[in-house]
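Undergrad: what would the 3D arrangement of this be:
(2 chains)
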Amino acid sequence: MSLLSVEAVHTYYGDSHILEGVSLEVDSGEVVALVGRNGVGKTTTLRTIMQLTPPSKGRVRLRGEDITGTDTHDVADAGVGWIPENRRIFSQLTVEENVHVAVPEGRDVDAARERAYETFPDLREHRYRDGGTLSGGQQQMLAIARGLVGDNDLLLVDEPSEGLAPLIVSAVADALAATAAETTVLLVEQNLPLALDLADRFYVLDDGRIVDSGETSEVEESDERLRRYLSA
Amino acid sequence: MAISPSASGVSGANALASSLRSYARDHAVHLLVIAVLAAYPGVYAVAVNSPFSAEAVALLPRVETMVAVLYFGLFAVSFDFVSGYTGYLSFGHATFYGVGAYLVVLTANGKIPLLPASTPFVLLLVLGGLLAVVFAVIIGAVSFRLSGVYFAMITLGFSQVLYVFVRDWGYLGSNPRDGVAVTGRTEGFEIGVPGVDSLSLAVGQLTGDTVELLGVVHLTAAEVSYYMVGIVVLVCYFAMQRVVHSPFGRTLVAIRENEERARAIGYNTFYYKLGAFAISAFFAGIAGGLFAGYRRSVTPESGFYFLTTGDALLASIIGGFGTLAGPLYGHLFDEGVREFLSKGGSGGGLLPYLRENVGQGTMETVVYNGMTVGETIDVFLNGRAALYVGVVFVLFVLYVPNGLLGTVRDRLILSDRDD
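TA: Numbering: from 1, shown residues only, chains lettered A, B, ... in the order given. Prediction:
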């Protein structure tokens, strides 16, 4: 049984039909990349899984259990973490507080913080600063750190490299690799080398439909098979 | 500030020192404000007996006004607790103020079953707060299904329904439209330790206690009320501040910033918002109780009516949204300006000051088209306070959007970063 299975979901924003029967599966321990051009529905797929934008048709199952139409906080409580695009950290909370709010109730907050700071030593230095005053790379680290301390079984990561300088991207990639060693990841990413490097399998999304999928070992970034769906 | 990796230990110590410094500074400000407020009646008494008596009377708010600043300031702070920290504008907040106020007056008149008219005032304050919590849970359970302007409108709707209800409910008094006064209890409402006379002092303009200390310090009823109400307000303020800085309070800030993100972390934001609403209502209820205990009467307009919420909103915008203490300063500013520009009478202010201190000749000088200086002053000042407060309000929204305290804090944080 897959950890996550998305079964032929259709999702709308108002009248716009964004996802037109998307199906995908993620097994425990895998890193799966969801790639595709801008505006094809990658972020919507993650939002549909989180039930932030519930599907109007189709099912989302977690460990076989139907979570379609449940509350977002219940999906999160069931072990799904979401690292949204644009590094949506809480800018008016300090780094410490940002990590704190992500620690599930009843867990050891200090231990969780220690874990976050061990993975991202940079954050320890800035622990008393407001999230909003961090650099873009640091904010992304903080966003990933929060995903890490959430003790999630599945982490949905949306465009982690977007808007970051190349040097920072490689640091973020290292952080993601460290995270992926501990948890299952569904990664939305336009940076193809990064996606193929981190992921075991991939899905290609185009105009709201899955048009290709396979093992990342089967393809190279220059393959026409991927290129035609990714270049603008 | 640029930090090399090798300097991380030093920068950690710096960060800690800086956070200790800002903590100490925060508390220094608290202590300073409390000291200034505690000294106010003394300063006022000295000032009005000094050679600058006329100026002091014109400029400084009376102690009676300051009592109102305290209890209504507490209401404004409670409004900011929910509206400033969750971003949900509680436009019906006057409901909770009214509930606390009516409970005090109705109990004193023997209209509340099981509660004798002599129920200790401190207990009534707590009961008023708890009753407000009940109202908040019922109203919030419906209203928090909406957000933004719809939330504001539905809470406003609830409070207006209750306003009409208390205005027309004959059980409350002989003429509920004009409000209800305390008639069933002649002694003052005492704040202190219930049952211990020596540790309780009554508040009120006429029924308040006066105090002689060692034959030197003489406190009038207004001054005693000021200190006793001040103690309750201070305790409530620190309780709310404690909540704001707890993990619960930090979660509220997270919800205000990005509710979707907070839900995705696993927070059932509905219950957090409802919790904040209930806590806020509790303190609003206490504020209403203090108001009724001091004034010994309540009208549907002073509790429940939307303009009462409007005054709290005004105080929050002038003082600073999401600053907790800001609305207290905002309301002090509001009351100060209103009194300064009021028609005067016994209250002092600019108009009587000018009437008494500008020479007769100047007053009768014609300025324009037969209008004298005296008449001009009257046209611009007599009963125009609300107009000028409105202008001040507009200027604040445009040029000081973070309010008095918010702007000061922003400056302090910026200067801290420059360190």
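Undergrad: where does chain B dip in pLDDT?
TA: Flagging of chain B using pLDDT under 70 yields the residue ranges B:1-12, B:20, B:22-26, B:343-348, B:413-419.
Undergrad: which helix in it runs the most residues?
TA: helix B:8-48 (DSSP state H).
Undergrad: list the buried ones in the helix or strand following that helix?
TA: Sequence-wise, the next helix or strand downstream of helix B:8-48 (DSSP states H and E) is helix B:53-59. For helix B:53-59, a neighbour-count test (16 or more other C-beta atoms under 10 Å in any protein chain shown) marks B:56, B:57, B:58, B:59 as buried. C-beta coordinates here come from the backbone N, C-alpha and C atoms, glycine included.
Undergrad: list the contacts for the residue lying closest to the first one once chain neighbours are set aside?
TA: Setting aside the residues directly before and after it, residue B:56 is nearest to residue B:47 in space (C-beta to C-beta, 6 or more residues apart in numbering or on different chains), at 3.7 Å. Contacts for residue B:47 were tallied using C-beta atoms under 8 Å, 6 or more residues apart in numbering or on different chains; they are B:53, B:56, B:60.
Undergrad: for residue B:62, see how far away residue B:47 is.
TA: Here the criterion is C-beta to C-beta, to the nearest Å. By it, residue B:47 lies 12 Å from residue B:62.
Undergrad: now the helices for chain A?
TA: Counting by DSSP H, the helices of chain A are A:42-49, A:72-77, A:95-102, A:109-119, A:121-125, A:136-149, A:166-180, A:192-198, A:224-230.
Undergrad: okay, which residue is most central for chain B?
TA: residue B:73 (1.1 Å; C-alpha atoms, centre = their mean).
Undergrad: which stretch of helix or strand covers that residue?
TA: helix B:63-86.
Undergrad: elements contacting that helix?
TA: On a contact count with 3 or more C-beta pairs under 8 Å, 6 or more residues apart in numbering or on different chains; DSSP states H and E, helix B:63-86 meets helix B:8-48, helix B:221-244, helix B:247-257, helix B:269-295, helix B:306-319, helix B:326-340.
Undergrad: which one of the ones you listed lies nearest to residue B:88?
TA: helix B:269-295 (6.3 Å; C-beta to C-beta).
Undergrad: buried stuff in the closest one?
TA: Those would be B:269, B:272-295, for helix B:269-295 by 16+ other C-beta under 10 Å.
Undergrad: now swap in stretch B:196-213 and tell me
TA: B:200, B:201, B:202, B:203, B:204, B:207, B:208, B:209.
Undergrad: just the endpoints, please. Distance across that stretch?
TA: 19 Å (C-alpha to C-alpha, to the nearest Å).
Undergrad: how far away from the center of its chain is that stretch?
TA: How far stretch B:196-213 lies from its chain's middle: 23 Å, per C-alpha atoms, centre = their mean, to the nearest Å.
Undergrad: please apply the same query to stretch B:79-90.
TA: That offset, for stretch B:79-90, works out to 14 Å (C-alpha atoms, centre = their mean).
Undergrad: pretty sure residue B:294 contacts residue B:228?
TA: No - Residue B:294 lies out of contact with residue B:228 (C-beta atoms under 8 Å); the separation is 9.3 Å.
Undergrad: identify the contacts common to those two.
TA: Common neighbours of residue B:294 and residue B:228 (criterion: C-beta under 8 Å, 6+ apart): residue B:203.
Undergrad: which phi and psi does the residue in chain B that chain A sits nearest to have?
TA: With C-beta to the nearest C-beta as the measure, residue B:266 is the residue of chain B nearest to chain A, at 3.5 Å. Backbone dihedrals for residue B:266, given as degrees, to the nearest 10, come out at phi 120, psi 10.
Undergrad: what does residue B:211 give?
TA: Per-residue torsions, residue B:211: phi -130, psi 130 (degrees, to the nearest 10).
Undergrad: same question for residue B:372.
TA: phi -90, psi 170.
Undergrad: okay, now it: neighbour count?
TA: 15 (other C-beta atoms under 10 Å in any protein chain shown).
Undergrad: now swap in residue A:171 and tell me
TA: Neighbourhood size, residue A:171 [other C-beta under 10 Å]: 17.
Undergrad: isn't residue A:80 up against residue A:60?
TA: No - at 9.9 Å, residue A:80 does not count as touching residue A:60 under the criterion of C-beta under 8 Å.
Undergrad: between the two, which contacts overlap?
TA: Joint contacts of residue A:80 and residue A:60 (C-beta under 8 Å, 6+ apart) are A:4, A:49.
Undergrad: looking at those two now, which is surrounded by more residues?
TA: For residue A:80 versus residue A:60, neighbours defined as other C-beta under 10 Å are more numerous around residue A:80 (28 against 24).
Undergrad: ok, the more buried one to residue B:123 distance?
TA: 48 Å.
Undergrad: shaky segments in chain A?
TA: A:87-88, A:231-232.
Undergrad: and the residue of it that's closest to chain B?
TA: For chain A, C-beta to the nearest C-beta, closest residue to chain B: residue A:76, 3.5 Å.
Undergrad: and that residue, how many neighbours does it have?
TA: Around residue A:76 there are 24 other residues, counting by other C-beta under 10 Å.
Undergrad: what's the answer for the one 5 residues further on, then?
TA: The local packing count at residue A:81 equals 27, with neighbours defined by other C-beta under 10 Å.
Undergrad: for it, which non-adjacent residue is closest in space?
TA: residue A:152 (3.5 Å).
Undergrad: which ones are touching that neighbour?
TA: A:79, A:80, A:81, A:183.
Undergrad: tell me which element the closest residue to residue B:163 other than its chain neighbours is part of?
TA: Excluding its sequence neighbours, the residue lying closest to residue B:163 (C-beta to C-beta, 6+ apart) is residue B:304, at 4.0 Å. Following DSSP H and E, one finds residue B:304 outside all helices and strands.
Undergrad: how near is residue B:304 to residue B:100?
TA: 11 Å.
Undergrad: so between those two, which is more surrounded?
TA: Shown here are residue B:304 and residue B:100; by other C-beta under 10 Å, residue B:100 has more neighbours (34 against 30).
Undergrad: for the more buried one, phi and psi?
TA: phi -60, psi -40.
Undergrad: tell me the contacts of the most centrally placed residue in chain A?
TA: Nearest residue to the geometric centre of chain A (C-alpha atoms, centre = their mean): residue A:157, 1.3 Å. With contact set as C-beta under 8 Å, 6+ apart, residue A:157 has these partners: A:83, A:144, A:147, A:176, A:185, A:186, A:187, A:188, A:189.
Undergrad: put the alpha carbons of stretch B:255-271 into PDB.
TA: Extracted in PDB, the C-alpha atoms of stretch B:255-271 (Å, rounded to 0.1, in the frame of the first residue of the first chain):
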ATOM      1  CA  ILE B 255      -2.500  32.800  12.400                       C
ATOM      2  CA  ARG B 256      -2.700  36.500  11.800                       C
ATOM      3  CA  GLU B 257       0.300  36.300   9.400                       C
ATOM      4  CA  ASN B 258      -0.700  33.300   7.400                       C
ATOM      5  CA  GLU B 259      -3.700  31.300   8.600                       C
ATOM      6  CA  GLU B 260      -3.400  28.700   5.800                       C
ATOM      7  CA  ARG B 261       0.200  28.000   6.800                       C
ATOM      8  CA  ALA B 262      -0.800  27.600  10.500                       C
ATOM      9  CA  ARG B 263      -3.500  25.100   9.500                       C
ATOM     10  CA  ALA B 264      -0.900  23.200   7.400                       C
ATOM     11  CA  ILE B 265       1.400  22.900  10.400                       C
ATOM     12  CA  GLY B 266      -1.500  21.200  12.200                       C
ATOM     13  CA  TYR B 267      -3.200  23.900  14.200                       C
ATOM     14  CA  ASN B 268      -6.900  23.900  14.400                       C
ATOM     15  CA  THR B 269      -7.000  27.600  14.000                       C
ATOM     16  CA  PHE B 270     -10.800  27.800  14.700                       C
ATOM     17  CA  TYR B 271     -10.200  26.800  18.300                       C
END
